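Asks: just coords:
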């Protein structure tokens, strides 16, 4: 089970890194580098929790959303901030 947790944690991180890293770099270059650092910290901590919540469940409902939901929110926020920056230039 431990190997599955590690495999899924790395796989999940790599799947979302394709979207997250370019958004983070663009946000840091054009919007605010200090804010980008804080956002990347939140994202990294939420992804670090993934292996711990992968096998946990409450009443049959997986707790994995506790780790993945902040990542989705961070990516939507980055995309929104970048879009606003370029929309009103």
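Replies: Yep, that arrived. Since the model is a prediction, treat every value here as computed from it, not as a measurement.

Asks: in this structure, which residue is most central in space?
Replies: Among the residues of the chain, the one closest to the centroid is residue 71, at 2.7 Å (Cα atoms, centre = their mean).

Asks: can you tell me how far that residue is from residue 87?
Replies: Distance of residue 71 to residue 87, computed by Cβ to Cβ, to the nearest Å: 24 Å. For glycine as for every other residue, the C-beta is placed from the backbone atoms N, C-alpha and C.

Asks: quick one: the helices in this protein, in order.
Replies: Secondary structure of the chain by DSSP state H: the helices cover 2-30, 33-48, 50-54, 65-87.

Asks: can you say which of these is packed in most?
Replies: Mean neighbour count (mean count of other Cβ atoms under 10 Å) peaks for helix 50-54 among the helices of the chain, with a mean of 18.

Asks: packing partners of it?
Replies: Helices and strands touching helix 50-54, by 3 or more Cβ pairs under 8 Å, 6 or more residues apart in numbering; DSSP states H and E, are helix 2-30, helix 65-87.

Asks: what average pLDDT does the shortest one get?
Replies: What that stands for is helix 65-87. On average, the pLDDT along helix 65-87 is 92.

Asks: start the count at 27, not 1, going forward
Replies: In the new count, where the first residue is 27, that last one comes out as helix 91-113.
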